[in-house]
Structures are given as C-alpha cells and as structure tokens.
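Asker: Structural data only, the sequence is not supplied:
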C-alpha cells in the first residue's frame, strides 16, 4: 500500500482525483520541490487575518474544572447512571 504523498528523489508527488464532465475521475500527478515552495505574500496574509482573524490561541477562563463538572452533571446519561446507582443503594440487599 502506498501512502500519498510520497517522496521520490526529493520531489514530493501528490495525486489528485479530478472529476471531468463525463463523471469519470482522472488521476493527476504533480510534483513540487519542497525547497522551492513559497509562502503567502504580505497582502494575502493581511487579507486572511482580516477575514478569519489571527492564528492564535485565546486564553480561556482559569476555572475550567468547575465548568466541565457542571456540563458533565447536565448530561442525560450521567443523570440516568446517578439515578440507577441511587436506586440500587436504596433498594439493595446488603446480604449480596
């Protein structure tokens, strides 16, 4: 089994399936030398940041544990398990 993309003599080969008007899929191969790839221009970066925002992780609230605990308690499955456990302890026979 060949995993795509794969390298051959420092060229990265990528395969793309493209649909043509007859609804047949054609396999196109194109190669790029990784050392010749260029990044985005300054204008493209500016447009991308104005459209999508900067690529940064925003710090969230410090007290995520209590928030996560509250969200867990609100889940239906948790409430069902809690009620089943409570019923078992109330009705259970201590001999078993």
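Answerer: Now that the structure is in, tell me what you want to look at. The shown structure was predicted, so the numbers you read here are calculated from the model rather than taken from an experiment. Numbers count the residues shown, from 1 in each chain.
Asker: Grab the nearest non-local neighbour of residue 72.
Answerer: residue 78 (5.9 Å; C-beta to C-beta, 6 or more residues apart in numbering). All C-beta atoms are positioned from the backbone trio N, CA, C, and that covers glycine.
Asker: Can you give me the neighbour number for that neighbour?
Answerer: Neighbourhood size, residue 78 [other C-beta atoms under 10 Å]: 12.
Asker: Surely it touches residue 70?
Answerer: No - contact criterion C-beta atoms under 8 Å: residue 78 and residue 70 do not qualify, at 11.1 Å.
Asker: right, and the secondary structure at the residue nearest to residue 72 would be what?
Answerer: Assigned by DSSP: H, G, I helix; E, B strand; the rest coil, the conformation of residue 78 is helix.
Asker: what stretches of the protein score poorly on pLDDT?
Answerer: 1-37, 94-96 (pLDDT under 70).
Asker: do that again at 90, thanks
Answerer: Residue ranges of the chain with pLDDT under 90: 1-42, 44-45, 48, 52-74, 88-96.
Asker: Now do the strands in it.
Answerer: 6-8, 11-19, 25-32 (DSSP state E).
Asker: what's the neighbour count on residue 39?
Answerer: A total of 7 residues lie near residue 39 under the criterion other C-beta under 10 Å.
Asker: wait, I meant residue 92
Answerer: Residue 92 has 9 neighbours, counted by other C-beta under 10 Å.
Asker: mind checking how far it is from residue 42?
Answerer: Plainly put, residue 92 is 70 Å away from residue 42 if you go by C-beta to C-beta, to the nearest Å.
Asker: what's the answer for residue 55, then?
Answerer: Taken as C-beta to C-beta, the span from residue 55 to residue 42 is 15 Å.
Asker: Could you do residue 71 as well?
Answerer: Distance, residue 71 to residue 42, using C-beta to C-beta: 42 Å.
Asker: Okay, buried residues for stretch 83-95 please.
Answerer: By 16 or more other C-beta atoms under 10 Å, stretch 83-95 has no buried positions at all.
Asker: How about stretch 70-86?
Answerer: Buried residues in stretch 70-86, defined by neighbour count with 16+ other C-beta under 10 Å: none.
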